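Trainee: Just the structure for this:
(2 chains)
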Amino acid sequence: MSTVESGIPGLDELLQSEAGYDLGGIPQNTSTLVYGPPKVGKSIFSYQFANHGLNLEEPCLYITADEGMKQLQQNMIDFGWYLQNAMEKELLYVIDSISSLSGAPIETTNTYTPSKINDPTDLMVKVGIGTRFVFKKSNEFRSVFDSLTTPFAFNPEPMVIRFLKTYIRRLQEAGSTLVITYTEGVADENTEKILKSVVDNVIMLDGSYLTFRSSEGLMGTAEYQITNQGLVLGEGEIL
Amino acid sequence: MKKTHIPKLDDFLGGGIPEGSSVLFYADPGVECEAFGYQTLQSRLEEGDSGFIFTNVTEPSSIIYEFEKFGWDLEKKVDDKRVFFVDGSSYFIGAPVTGKYGIEDYSQIEDVVIKAINDVPDGLGVINNLSTLIDYLDDGETVRIINKWNQVANDNKTILIYIFTEWDYENALIEQIKDSMDCLVNLSTIEERVIIGQGFMVTGASWTTPSSNRVLFNIMRPGGVKIFIPKILVTGPFNAGKSSFVKKIAKNSVSVDRMALGQVPTTIAMDIGHMEYKGFNADVFGTPGQERFDLILDILSKEAVGAFIVVDSTAPETFARAKEMMKRCKAEAIPKVIVANKQDLPDSLSPEKIRKVMNIDQSIPIVPTSLHLNEGIEDAMDALLEILYR
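Mentor: Okay, here's the model as predicted:
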């Protein structure tokens, strides 16, 4: 199976360590839900995944739903990751569904577009445009949705799930490898179950351990720390 | 009859929308659908009618801004009390409720919208977006309320336009919603791994037998809904019959070509024509086959929505070139049909044999044709239309 490098030090090695599986990264063209309680590094995981791909010239569609574009850029700069270059090279397309909440009109550029947090129709239109944009660069691209937390706060839960199913289907058809983040406990238990069932892989972050489970049932776990290089995994084991 | 002034739509509807009718614009997720509601409202306001917008997707101020991007001044019409908002969004995102009516609880929605309908007799109301309502109310309640609104609107001669994104709802619910409407307009995507185009078609109207044509469109800012005449490429190796094929599907095509003395006449620039087939309109571009003109392929392939790859069924040695040209035209990313020409010749390979030799995926139709005998040309066009609109 082909894989994409996660960019998380230790994670690709962990997934490679068991000879029978030999993943060496996240399976290509799959969807991965990264979830856990607040403040455990889910967004940082997203930054790292996107940034690593951009460094490899893999285009990325990035949907930022919890923090606006400026905040996203600032947060990434804290780790020494700069998006400017990727945007100039048109490798990155950002959909910002939160900044318009401020009420101020926001201009669209060729690599950035605002959407609205409680308008899934508009968001899907923008996803279509953004997907086409990055797909033209390469049909092997990454996509990040960080995170579902805010959409759940502003929309009925079944609506978010409907959106998510369409989103995953469209991006997988286009060839993307997807990361989607979610803060545990925001939606009700049943919705969380559905959420985990519509993705291929899940990564659970609990603040000290990262646990990966692939659609094939591969499980791996390792301790991690949040450093100034982002998430870094220690020795791990395949379960 | 009230005109929408959306290009082609009024023709398809037999002139426009009768007073008091309900119209459902139902869209594949990813299609820009609200512009259809907004443009119809704008047209009605310009012709002196009054109207309202019910929104549960964004605040009124942001809709005014949307209109501004289309080049329409909604703010002035709000100030002049020609149009008003039913704000079903602001409260839920913690913004101040604006508009003539506001909704702070979904239990109020039925009555508030009825009030709004009664405020605009002979006018028009836009409901944006019906799909977001469904998960707040329940299925049965949604259908009941829509039927009620349509009844009130009909009595009051108010046109109601619903914007509806067709997420994965139960079929039964979608059928019930459609049954409650006087007119249905489908907005669909044209996809080949990604969305490459969007089209609309009237699928039902109680007052007329609508045209079954599907029209491709773009949403322009400024401008609104504009008809999009897509580009269809005809490509393939040298001497496969591309120019003849273009002439068959586009009767008035012209060849921009130059014949070198003593050589076989062949296209060295391109063939251009316009095809009209079963209501589908497109500009047809035939590309040159020789390698020294490969540079042109890049330019011609931009914005194409479909391609015919013409191959000479008697010349398997050219198949590698045909595949290379598909790649150069970026044809892997658009819907395409392989036209297996020269089937009338004794040594021609069958479509199945061609599929094997060229190693072509089953999803790509290979249509046996003989341009010489005029056979298979409509089959090829049908095959492309089918994958464009599936």
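
Trainee: Surely residue B:177 and residue B:146 touch.
Mentor: Yes - contact criterion Cβ atoms under 8 Å: residue B:177 and residue B:146 qualify, at 6.5 Å. Where C-beta positions appear, they are placed from N, C-alpha and C, glycine not excepted.

Trainee: show me where chain A has helices.
Mentor: Assigned by DSSP state H, the helices in chain A fall at A:11-17, A:42-55, A:69-77, A:84-88, A:120-137, A:149-154, A:157-174, A:189-198.

Trainee: Switch those helices over to CSV; also include mean pLDDT.
Mentor: As requested, the helices of chain A are arranged in CSV below (pLDDT from 0 to 100):
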stretch, mean pLDDT
helix A:11-17, 83
helix A:42-55, 98
helix A:69-77, 96
helix A:84-88, 94
helix A:120-137, 95
helix A:149-154, 95
helix A:157-174, 97
helix A:189-198, 96
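
Trainee: got TSV for the ones you listed, with distance to residue B:339 and mean neighbour count too?
Mentor: Shown next, in TSV, are the helices of chain A (distance: least, Cβ to Cβ, whole Å; neighbours: other Cβ atoms under 10 Å in any protein chain shown):
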stretch	distance to residue B:339	mean neighbour count
helix A:11-17	46	20
helix A:42-55	39	24
helix A:69-77	47	16
helix A:84-88	41	14
helix A:120-137	26	23
helix A:149-154	46	21
helix A:157-174	26	20
helix A:189-198	40	13
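
Trainee: And the ones you listed: which comes nearest residue B:250?
Mentor: helix A:120-137 (27.1 Å; Cβ to Cβ).

Trainee: what angle sits between the closest one and helix A:157-174?
Mentor: On the basis of axes from the mean of the first three to the mean of the last three Cα atoms, to 10 degrees, helix A:120-137 is oriented at 20 degrees to helix A:157-174.

Trainee: Let me know whether helix A:120-137 sits next to chain B.
Mentor: Yes - using Cβ under 8 Å from any Cβ of the partner chain, helix A:120-137 comes into contact with chain B via A:120-122, A:124-125, A:127-128, A:131-132, A:135-136.

Trainee: Against which helices or strands is that helix packed?
Mentor: Taking 3 or more Cβ pairs under 8 Å, 6 or more residues apart in numbering or on different chains; DSSP states H and E as contact, the helices and strands that helix A:120-137 lies on are strand A:60-64, strand A:92-96, strand A:112-114, helix A:157-174, helix B:130-134, strand B:159-165, strand B:194-205.

Trainee: Now render the helices of chain A as a markdown table, adding distance to residue B:86.
Mentor: As requested, the helices of chain A are exported to a markdown table (distance: least, Cβ to Cβ, whole Å):
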| stretch | distance to residue B:86 |
| --- | --- |
| helix A:11-17 | 50 |
| helix A:42-55 | 36 |
| helix A:69-77 | 31 |
| helix A:84-88 | 39 |
| helix A:120-137 | 18 |
| helix A:149-154 | 19 |
| helix A:157-174 | 20 |
| helix A:189-198 | 29 |
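
Trainee: Mind pulling the model confidence for residue B:354?
Mentor: With respect to pLDDT, residue B:354 scores 96.

Trainee: burial measure for it, as a count.
Mentor: Residue B:354 has 20 neighbours, counted by other Cβ atoms under 10 Å in any protein chain shown.

Trainee: so what sits against both of residue B:177 and residue B:146?
Mentor: Taking Cβ atoms under 8 Å, 6 or more residues apart in numbering or on different chains as the criterion, residue B:177 and residue B:146 both touch residue B:130.

Trainee: So which bits of stretch A:217-227 are buried?
Mentor: Using 16 or more other Cβ atoms under 10 Å in any protein chain shown as the test for burial, stretch A:217-227 gives A:218, A:220-222, A:224, A:226.

Trainee: could you dump the residues of helix A:120-137 next to chain B to CSV with distance to residue A:106?
Mentor: Output for the residues of helix A:120-137 next to chain B, formatted as CSV (distance: Cβ to Cβ, whole Å):
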residue, distance to residue A:106
A:120, 19
A:121, 18
A:122, 13
A:124, 19
A:125, 16
A:127, 17
A:128, 19
A:131, 20
A:132, 21
A:135, 24
A:136, 24
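
Trainee: Let me know the closest of those to residue B:62.
Mentor: Nearest to residue B:62 among those: residue A:122, at 10.1 Å, using Cβ to Cβ.

Trainee: contacting residues for the closest one?
Mentor: Going by Cβ under 8 Å, 6+ apart, residue A:122 touches A:115-116, B:34, B:57-58.

Trainee: Widest-spaced pair of those residues?
Mentor: A:115 and B:34 (12.8 Å).

Trainee: got the residues of chain A near chain B?
Mentor: Checking chain A against chain B by Cβ under 8 Å from any Cβ, the hits are A:100-101, A:103, A:105, A:116-122, A:124-125, A:127-128, A:131-132, A:135-136, A:139, A:154-159, A:162-163, A:165-166, A:170, A:173-175.

Trainee: Which residue, other than its chain neighbours, is closest to residue A:208?
Mentor: The shortest distance from residue A:208 to any non-neighbouring residue, by Cβ to Cβ, 6 or more residues apart in numbering or on different chains, is to residue A:223 (6.0 Å).

Trainee: Just grab the bridge partners of that neighbour for me.
Mentor: Taking DSSP bridges as the rule, residue A:223 bridges to residue A:209.

Trainee: what pLDDT does it get?
Mentor: pLDDT recorded at residue A:223 is 96.

Trainee: what stretches of the stretch 201-350 of chain B score poorly on pLDDT?
Mentor: Counting by pLDDT under 70, the stretch 201-350 of chain B shows low-confidence ranges at B:256-269, B:330-332.

Trainee: Now do the strands for it: every range, in order, please.
Mentor: Assigned by DSSP state E, counting those that start in this stretch, the strands in the stretch 201-350 of chain B fall at B:215-220, B:224-227, B:231-235, B:254-256, B:270-277, B:280-286, B:304-312, B:336-341.

Trainee: Give me the angle between the first one and strand B:280-286.
Mentor: For the pair strand B:215-220 and strand B:280-286, the angle between their directions (the same axes, to 10 degrees) equals 80 degrees.

Trainee: Relative to the whole chain's centre, how far out is strand B:215-220?
Mentor: Centroid displacement of strand B:215-220 relative to its chain, using Cα atoms, centre = their mean, to the nearest Å, is 6 Å.

Trainee: same question, the fifth one
Mentor: For strand B:270-277, the distance from its own C-alpha centre to the chain's C-alpha centre is 20 Å (Cα atoms, centre = their mean).

Trainee: Can you report how many residues lie near the residue lying closest to residue A:233 once chain neighbours are set aside?
Mentor: Spatially, and ignoring its direct neighbours in sequence, residue A:233 is nearest to residue A:10 (2.7 Å; Cβ to Cβ, 6+ apart). Residues lying near residue A:10 (other Cβ under 10 Å) number 19.

Trainee: Please apply the same query to residue B:223.
Mentor: Neighbours of residue B:223 (other Cβ under 10 Å): 14.

Trainee: any chance of the helices and strands packed on helix A:120-137 in a markdown table, with distance to residue B:46 too?
Mentor: As requested, these are exported to a markdown table (distance: least, Cβ to Cβ, whole Å):
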| stretch | distance to residue B:46 |
| --- | --- |
| strand A:60-64 | 37 |
| strand A:92-96 | 33 |
| strand A:112-114 | 28 |
| helix A:157-174 | 34 |
| helix B:130-134 | 25 |
| strand B:159-165 | 15 |
| strand B:194-205 | 21 |
